[in-house]
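Chemist: Make a model of this:
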Amino acid sequence: MALNTASFESILPTIVAVLFAVAGVVNLAGRGPAKRDFARWGYPAWFRLVCGALELFSAALLLGQQTRVFGLTLAGAIMIGALFTLVRNREPFGHLAPALIFSALVVVTVALRG
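Modeler: Numbers count the residues shown, from 1 in each chain. Modelled structure (predicted):
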């Protein structure tokens with residue numbers, strides 16, 4: 001089965017939603033690197049929880065056809081903040097790569113909306 005643009009338009013937002021949901025759960029759980037990274041970057045402990053909640057909210061918005069534009073807007077804002085944090089703290093490319101991939105997926109999803 002070949003993927004056409006229409007099917008990609010419906011699959012991609014779901015993929016992005018799942019990725020943001022996983023990221024939100026990781027931040028809310030605060031285990032291991034997530035908790036250490038936020039502290040190392042100088043953010044208060046509560047900020048990780050806010051980020052996790054916003055990621056989950058963005059994921060939920062992405063799943064609805066009528067709320068998708070709001071989900072994409074929120075996801076884009078989250079990724080701008082994440083990229084700013086990573087670049088400001090001179091994180092290695094291995095840490096920056098997932099954020100770049102998430103950002104690219106958000107941009108492609110927006111572009112496919114036409």
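
Chemist: what about the spatially most central residue of the chain, distance to Glu91?
Modeler: With distances taken as Cα atoms, centre = their mean, the residue of the chain nearest its centroid is Phe20 (4.5 Å). Using Cβ to Cβ, to the nearest Å, we find Phe20 at a distance of 20 Å from Glu91. All C-beta atoms are positioned from the backbone trio N, CA, C, and that covers glycine.

Chemist: for the helix or strand containing the residue nearest to the centre of the chain, packing partners?
Modeler: Here Phe20 sits within helix 5-29, counting by DSSP states H and E. If you count contacts as 3 or more Cβ pairs under 8 Å, 6 or more residues apart in numbering; DSSP states H and E, helix 5-29 packs onto helix 45-63, helix 68-88, helix 93-112.

Chemist: again, 10 Å this time
Modeler: With contacts defined as 3 or more Cβ pairs under 10 Å, 6 or more residues apart in numbering; DSSP states H and E, helix 5-29 has these neighbours: helix 33-40, helix 45-63, helix 68-88, helix 93-112.

Chemist: Can you list the buried residues in the last one?
Modeler: Meaning helix 93-112. 99, 102-103, 105-106, 109-110 (16 or more other Cβ atoms under 10 Å).

Chemist: same thing with stretch 47-63?
Modeler: 48, 51-52, 54-62.

Chemist: Tell me the one among those nearest to Lys35.
Modeler: Of all the buried residues of stretch 47-63, Lys35 sits closest to Arg48, with 6.7 Å by Cβ to Cβ.

Chemist: and the gap between Phe102 and Ala45?
Modeler: Noted for Phe102: a distance of 23 Å to Ala45, by Cβ to Cβ.

Chemist: Could you check how far Trp46 is from Ala39?
Modeler: Per Cβ to Cβ, Trp46 is found 12 Å from Ala39.

Chemist: Of the two, which one has the most company?
Modeler: Ranked by neighbour count (other Cβ atoms under 10 Å), Trp46 and Ala39 place Ala39 first, with 13 against 9.

Chemist: List the contacts of the more buried one.
Modeler: Listed by Cβ atoms under 10 Å, 6 or more residues apart in numbering, the contact partners of Ala39 are 45, 47-48.
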